[in-house]
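In: return a 3D structure for these sequence lines:
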Amino acid sequence: MPKLDQVVIVFEPEAACRDHLVKHGYPDEIAREVATYLAQATDLADFADEIRTALRAEGLDVTFLPLAEAAASLPRLDPQRTIVWCQTDGIRFYRGSSIPTLARLLGLPRYGSPPTTQHLCQDKFASLAMAAGAGLPVPPTRLLEGAVTLAALRDADLDWERATLFVKPATLGAKLGIFADSRCTGFEAAQALGQRIWDRYADRAVVQTYVEGDDVRVSYMDTGGGFPRQIGIGRLRKNLASETGGAFMTMRDNETLSGARDTQGARGAFGREHGAAFTPEMDDLRVATTPFEQAATATILTHADRLRRLLPLQDYFSMDFRIDAAGAPTFFEFETCPAVTIYDFQHYLATTHKLELGPALARSLRLAFERAGTQAEA
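Out: Below you'll find the predicted structure:
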């Protein structure tokens with residue numbers, strides 16, 4: 001009988017990502033900027049001992065495997081006792097999502113969402129189209145390559161020439177390419193920002209109506225007990241020390257928060273190299289007491305459940321919403337591999353599961369391993 005006792009955690013080191021991008025023509029400065037998105041893998045080293053100790057207490061040995069060594073190493077693993085987990089998602093810039101595909105080919109149990117979902121998640125426009133098809137509220141959105149419009153969602157619902165708009169890269173995460181002037185008025189100004197993103201990153205841009213309100217992060221890790229009981233819904237408090245005075249998060253804000261181990265501001269490996277923009281603080285909306293917050297939370301829970309079933313999402317993931325002044329949520333994107341070392345996921349584990357990362361992972365990995373022989377994994 002299969003029995004899990006080995007966990008292989010594949011990660012792409014920041015330096016390896018940077019060197020790969022330089023090799024393919026990106027200027028060193030931009031390659032370094034993009035590679036900071038991999039801070040969750042860099043920060044993983046700061047949690048390695050904690051994870052090893054916690055999993056060893058559960059009878060699980062852990063190997064941290066650099067991505068470049070995975071193709072040669074994975075075929076030697078025993079699928080009857082091993083589960084594979086990769087720390088990066090998406091396919092456009094980050095190669096880590098090749099690992100679930102390779103694991104499937106080799107018959108190795110994997111931790112996380114299916115390969116097709118991992119590849120989709122980095123494409124913000126395609127993700128919004130899927131979400132809209134499931135009935136989630138999404139903003140009017142145009143997809144640009146440079147200044148040229150390629151596609152649109154809810155295009156007739158907005159006066160694009162007069163609207164307040166928000167422009168961001170279509171396949172980059174961690175607020176990369178989001179500056180203080182990423183909010184603009186009128187589509188002509190948005191086209192100029194889309195061209196800036198294309199020139200800087202060779203990435204397309206999404207242009208959306210700007211939604212005033214509060215950022216809300218939906219977090220999930222399956223440790224047993226069903227979806228509704230395990231979902232976390234946290235609101236990021238606005239902070240005047242941010243580059244936009246709390247209106248929205250920028251690349252400058254986020255690069256200093258990516259290493260934040262908790263809401264008290266303790267720093268992971270990446271975060272120690274930067275001065276903190278501010279100490280992130282979150283409110284747990286699952287225990288909210290006002291009718292306004294309770295209604296918004298119930299609506300988000302319904303939307304999140306519908307989307308995770310559609311895609312599908314498994315084991316652990318996150319979603320981003322924004323709640324406006326009327327309490328109405330708007331969906332923006334999801335992540336199949338949220339940085340479990342970052343402040344928002346640490347807040348979620350502490351408030352929802354009452355667990356630290358290591359013990360939560362031990363439970364979640366065993367549940368994922370049990371799924372490996374089911375028809376859904378065929």
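In: tell me where the chain has helices.
Out: All helices of the chain, identified by DSSP state H, fall at 14-23, 28-35, 39-57, 70-73, 98-106, 115-121, 124-133, 187-201, 227-230, 251-257, 291-310, 343-348, 357-371.
In: mind putting these into JSON lines with distance to Gly146 and mean pLDDT?
Out: The C-beta positions use only the backbone N, C-alpha and C, and glycine is treated the same way. Listed next are the helices of the chain as JSON lines, based on distance: least, CB to CB, whole Å; pLDDT from 0 to 100:
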{"stretch": "helix 14-23", "distance to Gly146": "20", "mean pLDDT": "90"}
{"stretch": "helix 28-35", "distance to Gly146": "16", "mean pLDDT": "89"}
{"stretch": "helix 39-57", "distance to Gly146": "29", "mean pLDDT": "78"}
{"stretch": "helix 70-73", "distance to Gly146": "35", "mean pLDDT": "95"}
{"stretch": "helix 98-106", "distance to Gly146": "28", "mean pLDDT": "92"}
{"stretch": "helix 115-121", "distance to Gly146": "23", "mean pLDDT": "88"}
{"stretch": "helix 124-133", "distance to Gly146": "15", "mean pLDDT": "96"}
{"stretch": "helix 187-201", "distance to Gly146": "4", "mean pLDDT": "98"}
{"stretch": "helix 227-230", "distance to Gly146": "41", "mean pLDDT": "94"}
{"stretch": "helix 251-257", "distance to Gly146": "20", "mean pLDDT": "70"}
{"stretch": "helix 291-310", "distance to Gly146": "30", "mean pLDDT": "94"}
{"stretch": "helix 343-348", "distance to Gly146": "33", "mean pLDDT": "88"}
{"stretch": "helix 357-371", "distance to Gly146": "41", "mean pLDDT": "94"}
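In: which residue is the nearest non-sequential neighbour of the residue positioned nearest the centre of the chain?
Out: Residue closest to the mean C-alpha point of the chain, counted by CA atoms, centre = their mean, is Glu335 at 3.3 Å. Spatial nearest neighbour of Glu335, excluding adjacent residues (CB to CB, 6 or more residues apart in numbering): Ser318 at 4.7 Å.
In: go ahead and confirm the one you found touches Phe334.
Out: Yes - with contacts counted by CB atoms under 8 Å, Ser318 reaches Phe334, the gap being 6.7 Å.
In: first-to-last residue distance for stretch 102-121?
Out: Terminal residues of stretch 102-121 lie 18 Å apart, using CA to CA, to the nearest Å.
In: looking at the helices of the chain, which is closest to Pro79?
Out: Nearest of the helices of the chain to Pro79, taken as CB to CB: helix 98-106 at 7.1 Å.
In: next, count neighbours for the residue nearest to Glu335.
Out: Ser318: 25 surrounding residues under other CB atoms under 10 Å.
In: can you name the residues bridging to it?
Out: In this entry, Ser318 is beta-bridged to Ser219, Glu335, by DSSP bridges.
In: list the contacts for it?
Out: Contacts for Ser318 (CB atoms under 8 Å, 6 or more residues apart in numbering) come out as Arg217, Val218, Ser219, Tyr220, Phe334, Glu335, Pro338, Asp344, Phe345.
In: quick check, nearest of these to Pro27?
Out: Distance ranking of the contacts of Ser318 against Pro27, using CB to CB, places Glu335 first at 26.9 Å.
In: does that closest one touch Cys121 like I think?
Out: Yes - taking CB under 8 Å as the definition, Glu335 is a contact partner of Cys121 at 6.1 Å.
In: what's the spacing between the residue lying closest to Cys17 once chain neighbours are set aside and Phe179?
Out: Once flanking residues are discounted, Cys17 sits nearest to Ala35: 4.3 Å by CB to CB, 6+ apart. Between Ala35 and Phe179 the computed distance is 19 Å (CB to CB, to the nearest Å).
In: who's more crowded, the two?
Out: Set side by side, Ala35 and Phe179 show more neighbours around Ala35, with 25 against 17, by other CB under 10 Å.
In: need the contact list for the more buried one.
Out: Applying CB under 8 Å, 6+ apart, one finds that Ala35 lies in contact with Glu14, Ala15, Cys17, Arg18, Leu21.
In: hmm, which of these are the buried ones?
Out: Buried subset of these (neighbour count, 16 or more other CB atoms under 10 Å): Glu14, Cys17, Arg18, Leu21.
In: next, format those residues as JSON lines and append distance to Glu161.
Out: Output for the buried ones among the contacts of Ala35, formatted as JSON lines (distance: CB to CB, whole Å):
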{"residue": "Glu14", "distance to Glu161": "41"}
{"residue": "Cys17", "distance to Glu161": "39"}
{"residue": "Arg18", "distance to Glu161": "40"}
{"residue": "Leu21", "distance to Glu161": "36"}
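In: out of those, who's nearest Gly186?
Out: The closest of these to Gly186 turns out to be Leu21 (CB to CB; 32.9 Å).
In: the closest one touches Pro27, doesn't it?
Out: No - in this structure, Leu21 is not within contact of Pro27 by CB under 8 Å, at 9.1 Å.
In: report the beta-bridge partners for Asp215.
Out: Legend: beta-bridge partners of Asp215 under DSSP bridges are Arg322.
In: surely it is in contact with Met249?
Out: Yes - between Asp215 and Met249 there is a contact at 7.1 Å, judged by CB under 8 Å.
In: low pLDDT regions in the stretch 201-350 of the chain?
Out: 255-279 (pLDDT under 70).
In: kind regards, and thank you for your time.
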